[in-house]
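Novice: can't give you the sequence, but here's the structure:
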């Protein structure tokens, strides 16, 4: 029997239906989470394909490594974003233009990342060709361009991505590193003034210069989110939210307990824009148990009538998985992460109400989680230091 078998609540993403993400423990449904999103969104399914999920259906996402999907999924929670590209998946669309007359859309096709087909582009110049996408108008801000690209002939050596006349830099991964499989490349650029097009500028080493491009996205923000498909107009994906509003009075222990999370975030949050995981009494300004990505650090906190007690776990690293186990009691916080020895901090924690809610947000639904949830487990006792270390290893 392992530690997970003694948990009071365990969210291990595996099962879902409309408006529900099921917890493994308890089995009577008390630990099942409500999930909301008022529209479609995409994920990578267990076959490794981009798949559209409907309204209020959670996304169990299978990350790809060298084209191979992960064996276990994570629950993907993302903020609202808009894809400003009008025809994301169709290079025959009117908004895919050739300002230098240096590329041709062939009738030949290749299998697209969603399992369909996409036509291949042949470029007539080894350098200096522009695949330009138009039809939008965006104000000055920070934007991220992302797209799937496949090198058909093996001659792709590099290239740049611009928003309007700004950028002039290689995406990540660089064009020349994409290989013969589909790779999603991204480039983040802070613009000045209004922009009305993006340019993809591949360069080649051979006499035949063919690529396939699919899933082009232009969104405001400092990182790329999952593909928002478009077919003639900009599309907005609304925010994901996962929570249990109330009813956990018999599951959560207000006096002592342990919260374990196995998570990943796509950004380093600031003190003005951050995300939280919270055990709360929704009616109280205090009485909360929190883990958050705040001001450049992972933190563990207790809030009660005795005040706020916070422990910095370590600095936040974008797109890096972390396991945090956080034990609390009336007199101390003990924290372990990624198999490190637990640290102990003396505190005063004196709650006056009863914890009843578990949210991937703050108690009022603000500061919603942005990132991946691999596991979230709660124990109604404060685990030992050895158990905390074991849990995060």
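Specialist: Thanks, I have it. It should be emphasised that the depicted structure is a prediction, and the values quoted were computed from it without experimental measurement. Numbering: from 1, shown residues only.
Novice: any idea of the pLDDT on the residue nearest to residue 363 when sequence neighbours are not counted?
Specialist: Spatially, and ignoring its direct neighbours in sequence, residue 363 is nearest to residue 280 (3.9 Å; Cβ to Cβ, 6 or more residues apart in numbering). Backbone N, C-alpha and C define where each C-beta goes, glycine included. pLDDT, residue 280: 95.
Novice: Equivalent analysis for residue 7, please.
Specialist: 92.
Novice: when you give positions from now on, start the count at 607
Specialist: I'll keep to 607 as the first residue from here, and by that count the last item is residue 613.
Novice: what number of residues lie near it?
Specialist: 23 (other Cβ atoms under 10 Å).
Novice: for the one 10 residues further on, same thing?
Specialist: Each residue near residue 623 was counted by other Cβ under 10 Å, and the total is 11.
Novice: burial measure for the nearest residue to it once chain neighbours are set aside, as a count.
Specialist: Computed as Cβ to Cβ, 6+ apart, the closest residue to residue 623 that is not its neighbour in sequence is residue 663, at 7.5 Å. A count of neighbours around residue 663, defined by other Cβ under 10 Å, yields 19.
Novice: returning to that earlier point: so what's the backbone phi/psi at the residue nearest to residue 969?
Specialist: Backbone torsions of residue 886, given as degrees, to the nearest 10, read phi -140, psi 160.
Novice: Surely it and residue 963 touch.
Specialist: Yes: between residue 886 and residue 963 there is a contact under Cβ atoms under 8 Å: 4.7 Å.
Novice: Just give the nearest non-adjacent residue to residue 832, would you?
Specialist: Closest to residue 832 by Cβ to Cβ, 6+ apart is residue 648, at 5.0 Å.
Novice: whoops, residue 745 was the one
Specialist: Once flanking residues are discounted, residue 745 sits nearest to residue 800: 6.0 Å by Cβ to Cβ, 6+ apart.
Novice: The one you found: what's it in contact with?
Specialist: Counting by Cβ atoms under 8 Å, 6 or more residues apart in numbering, residue 800 touches 743-746.
Novice: distance of the residue of the chain positioned farthest from its centre from residue 735?
Specialist: Distance from the C-alpha centroid of the chain, by Cα atoms, centre = their mean, peaks at residue 813 (39.3 Å). According to Cβ to Cβ, to the nearest Å, residue 813 stands 14 Å off from residue 735.
Novice: picking up where we left off before, residue contacts, the residue nearest to residue 623?
Specialist: Residue 663 sits in contact with 622-624, 641, 643, where contact means Cβ under 8 Å, 6+ apart.
Novice: Can you read off the pLDDT for it?
Specialist: 97.
Novice: Phi, psi for it please.
Specialist: Dihedral angles (degrees, to the nearest 10) for residue 663: phi -110, psi 120.
Novice: Residue 631 now?
Specialist: phi -140, psi 140.
Novice: which residues touch it?
Specialist: 610, 613-616, 637.
Novice: Where strands are concerned, which of these count?
Specialist: If you go by DSSP state E, the contacts of residue 631 have 615-616 in strands.
Novice: who touches the residue lying closest to residue 669 once chain neighbours are set aside in this structure?
Specialist: The shortest distance from residue 669 to any non-neighbouring residue, by Cβ to Cβ, 6+ apart, is to residue 676 (4.7 Å). Going by Cβ under 8 Å, 6+ apart, residue 676 touches 668-670.
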